[in-house]
Every structure is written in structure tokens, then in C-alpha cells.
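Trainee: Predicted model follows, preceded by the sequence.
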Amino acid sequence: MKILMLTSRYGFGYGMGYSAYKEAMALADLGVSVTVVHCYNSPEISMFADSRINIVYLPIMKIPLLGFFVYYFKLSQFLKDTFQIQKFDLIYIQSLEFGLLDLKNIKIPIYYFARSTMIGLQKTLQKEDLKKSFLNRIIHFILVCLEKRCMQFAKLIFVKSVIMAKEVENLYNISSQKIITVIGGIDEANFKINNSTFNDNLREKLIIPSSAKIILYAGRIVPQKGLIYLIKAALQLLKNYNFVIVIAGSYTDKHYLKSITKLLRNNIHKKSFLVGVIHGLAGSGGLMLLVLSTINSVTVGLYYILIFGIGSTGAMTSISLLLSLPYLLAFQKFPNLFQYINKIAGMLSVIFGLVLIYEIIMLGKLIF
């Protein structure tokens with residue numbers, strides 16, 4: 001059997017490239033002749049070369065709109081002159097760019113892998129209140145049309161989850177009998193860490209205790225991955241459980257990255273920061289006003305405020321760092337220690353406050 005695989009990436013570049021490589025290797029292991037045509041290249045692709053697989057690079061221009069127009073003629077001419085499509089037993093499309101082909105007149109079976117849908121992506125962006133420019137809306141419209149062509153002329157459509165199957169069926173009016181759900185997973189052979197020293201060094205570099213559980217997010221930081229919901233859930237769970245989330249991935253959406261950064265900034269260590277600010281104002285502010293009352297010149301007073309502010313901020317920062325080092329080192333070895341310290345400190349603070357209230361009100365006889 002001869003299969004022609006059409007994919008935007010092969011071996012590298014997000015999940016699509018890697019899954020295309022794994023599928024091509026699996027087919028080659030079964031004795032199938034596989035030819036892969038991809039439109040984005042990278043030096044990393046040499047790592048995925050295999051003598052049993054014929055890899056063809058047909059580049060696409062990265063200029064919006066114009067790139068699709070030029071690629072339409074390049075793709076048609078290439079498959080007409082270089083490849084005779086009819087010599088293949090089937091075509092396996094993994095990327096909607098190849099909806100530019102004259103799929104209607106191709107006589108051999110076509111199979112399409114819907115990794116995601118453009119209409120579903122648009123609905124996700126609307127939920128996140130992320131706006132698109134006029135040019136991006138035009139590009140989105142073209143991509144939806146190409147996607148619909150791939151689904152329309154495909155004999156079968158593969159999806160990776162039941163949710164995706166419902167999305168394709170409802171948003172694109174595709175019969176459920178035409179949709180095949182293939183549940184995937186993680187290839188443990190490729191993602192297994194064999195070197196424990198590397199693991200320990202990484203924990204030390206990221207200041208993660210050896211006994212702390214780690215939740216790893218590896219992927220693009222884009223709305224359709226749902227990272228923001230993982231962070232919101234983690235913020236709630238961190239109130240009762242001790243674990244660390246490591247986010248590893250590149251971002252292609254600056255607005256989405258800003259919303260995630262804002263969410264983290266508004267929740268992590270928010271209370272301790274406010275307490276620190278109030279404490280600083282209570283002590284330093286009073287001392288500064290006391291000295292200012294002895295200065296007659298407005299200019300000198302302003303210079304004094306500036307110098308005093310820089311000096312006190314630097315001193316407080318340095319002292320805080322020095323005082324936190326023993327706590328941080330102890331936390332690495334005893335991750336649950338901070339919970340006990342916080343409870344003890346809280347109880348001592350309450351007791352001290354009650355004693356102070358008793359001395360001021362009762363012994364000071366402010367009320368009685």
C-alpha cells in the first residue's frame with residue numbers, strides 16, 4: 001500500500017509535527033510505503049529522517065493571504081508534474097492548508113485528521129473576550145472554508161476525543177458515521193526521564209522541594225489549550241494542597257499571555273504583599289514625617305524623601321532576603337514545614353494581640 005501524507009509540519013513544531021512523524025513511522029513498521037509532503041521546515045527535521053519514508057518539502061509563503069494564493073498554484077503544479085496522485089492508494093491530510101487542492105476531482109480515498117477546528121477556536125476566543133483584527137478575520141474565514149473542504153471530501157474524519165467528535169458533527173454538519181474517534185495519550189518511551197540527576201538539578205534550579213508533587217503543562221500558551229482554567233483550578237487547590245505547577249511552552253497570542261500573567265499577579269502572595277506595604281508605611285512613614293518637620297526648605301525636603309525612600313526600600317529588601325534564606329532552605333527539605341510555621345506564627349500573633357489589648361484597655365484603664 002502507498003500512502004501520501006500531507007501535513008504542515010513533520011517531526012517538529014507543536015504536536016502536529018511530532019504526531020505526523022509517529023504515524024508515518026508506525027505505518028512504515030507495517031510495511032506501508034509512506035510519502036510525506038510538508039510546508040514548514042526546520043533544521044530539526046534531520047533528526048526525524050528515516051530511509052523508509054520519502055519526505056518532500058514544499059514551502060509556503062508566510063505572508064498572510066498572498067501565501068495561500070501562491071501556494072494554491074504551487075501545490076497544484078507540484079502534484080500534477082512531480083507526483084501522480086493516482087499512483088497512491090489513499091491520501092491522508094493532517095493540515096487544512098491542503099484544502100487548496102482540487103479534492104473534488106481526486107478519485108482515491110481521502111482521510112482527514114481534525115486536530116482542532118477553526119470554528120471551535122473562534123468560540124473559545126469569544127469566551128475569553130479576545131478580539132481579532134479585520135485581517136485576522138479574513139484569514140479565519142479562509143481557513144474555515146479550507147477546513148470545510150477537507151471534511152466534505154474526506155471519506156473518514158479522525159478526531160482525538162469525544163468532545164472533538166461532537167464539535168465536528170455539530171459545527172460542520174458532518175454525519176457521526178463519518179467521524180472516527182482515536183483516543184491518544186503520552187508516549188512514555190519518549191517522555192521518560194532516565195537520569196535522576198537531571199531531575200534533581202532541575203528541581204534545584206527551579207527551587208522546587210524534592211518531595212513536592214509537580215504538575216507539568218507542556219504546550220503552546222494559547223486560548224484553545226485551556227491553560228487559564230488549569231491555573232484557576234490550581235489556585236483553589238493550593239489553599240489545601242502542596243504542589244508546584246511548571247508551565248513550559250511558547251506563546252503566540254500576546255493578549256492571552258497578558259491575561260494569564262495578570263491572573264497570577266493578582267493572586268500569588270497578594271495578602272503578604274499588602275501586609276508588607278502597610279507595615280512599611282506604619283514605621284518608615286512616621287520617622288520620615290518626624291524628620292521632615294525640622295526641614296524648612298521644600299527642595300531639601302523633596303530630596304530627603306527621595307533619598308530616604310531609596311535607602312529604606314533597599315534596606316528592607318536586603319534584610320527580607322537575608323531573613324528568608326533559612327526559611328527557603330528549610331522548605332526545600334521539609335515542604336510541609338511552612339504550614340506549621342504559619343499556624344504557630346498566627347497563634348502567637350493572636351496571643352500577642354490579646355495581651356496587648358488587655359494591657360491597653362484593662363491595665364491602662366481606658367474604659368474602666
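Mentor: Cool, got the structure.
Trainee: show me what contacts I307?
Mentor: Neighbour list for I307: empty [criterion: Cβ atoms under 8 Å, 6 or more residues apart in numbering]. Using the backbone N, CA and C atoms, a C-beta is placed for each residue, glycine as well.
Trainee: burial count for A20?
Mentor: 26 (other Cβ atoms under 10 Å).
Trainee: got the phi/psi numbers for A49?
Mentor: Backbone torsions of A49, given as degrees, to the nearest 10, read phi -70, psi 140.
Trainee: neighbours around it, how many?
Mentor: Residues near A49, counting by other Cβ under 10 Å: 9.
Trainee: Surely it touches I55?
Mentor: Yes. Judged on Cβ atoms under 8 Å, A49 makes contact with I55 at a distance of 7.0 Å.
Trainee: Please identify every residue contacting each of the two.
Mentor: Joint contacts of A49 and I55 (Cβ under 8 Å, 6+ apart) do not exist.
Trainee: Which residues does the helix or strand where V34 lies contact?
Mentor: Element membership for V34, per DSSP states H and E: strand 33-38. Defining contact as Cβ under 8 Å, 6+ apart, one finds that strand 33-38 is touched by 1-10, 17, 20, 24, 27-28, 52-58, 83, 88.
Trainee: would you list every one of the strands in the stretch 101-250 of the chain?
Mentor: For the stretch 101-250 of the chain, the strands defined by DSSP state E, counting those that start in this stretch cover 110-113, 156-159, 179-181, 213-218, 243-248.
Trainee: Redo these as CSV? Include mean neighbour count, mean pLDDT and distance to E169.
Mentor: Converted to CSV, the strands of the stretch 101-250 of the chain look like this (neighbours: other Cβ atoms under 10 Å; pLDDT from 0 to 100; distance: least, Cβ to Cβ, whole Å):
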stretch, mean neighbour count, mean pLDDT, distance to E169
strand 110-113, 23, 95, 14
strand 156-159, 20, 94, 9
strand 179-181, 16, 93, 6
strand 213-218, 13, 82, 29
strand 243-248, 14, 83, 33
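Trainee: okay, the ones you listed in a markdown table with distance to Q236 next?
Mentor: A markdown table is the format used below for the strands of the stretch 101-250 of the chain (distance: least, Cβ to Cβ, whole Å):
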| stretch | distance to Q236 |
| --- | --- |
| strand 110-113 | 35 |
| strand 156-159 | 31 |
| strand 179-181 | 31 |
| strand 213-218 | 13 |
| strand 243-248 | 12 |
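Trainee: of the ones you listed, which approaches Q126 most closely?
Mentor: Smallest distance to Q126 across the strands of the stretch 101-250 of the chain (Cβ to Cβ): 21.8 Å, for strand 156-159.
Trainee: list the helices and strands that closest one packs on?
Mentor: strand 110-113, helix 162-172, strand 179-181 (3 or more Cβ pairs under 8 Å, 6 or more residues apart in numbering; DSSP states H and E).
Trainee: Out of these, which gets nearest to Q77?
Mentor: Across the helices and strands packed on strand 156-159 (criterion: Cβ to Cβ), the nearest stretch is strand 110-113, sitting at 19.8 Å.
Trainee: Give the other helices and strands that the closest one contacts.
Mentor: If you count contacts as 3+ Cβ pairs under 8 Å, 6+ apart, strand 110-113 packs onto strand 90-93, helix 134-153, strand 156-159.
Trainee: Go again with 6 Å.
Mentor: Packing partners of strand 110-113 (3 or more Cβ pairs under 6 Å, 6 or more residues apart in numbering; DSSP states H and E): strand 90-93, strand 156-159.
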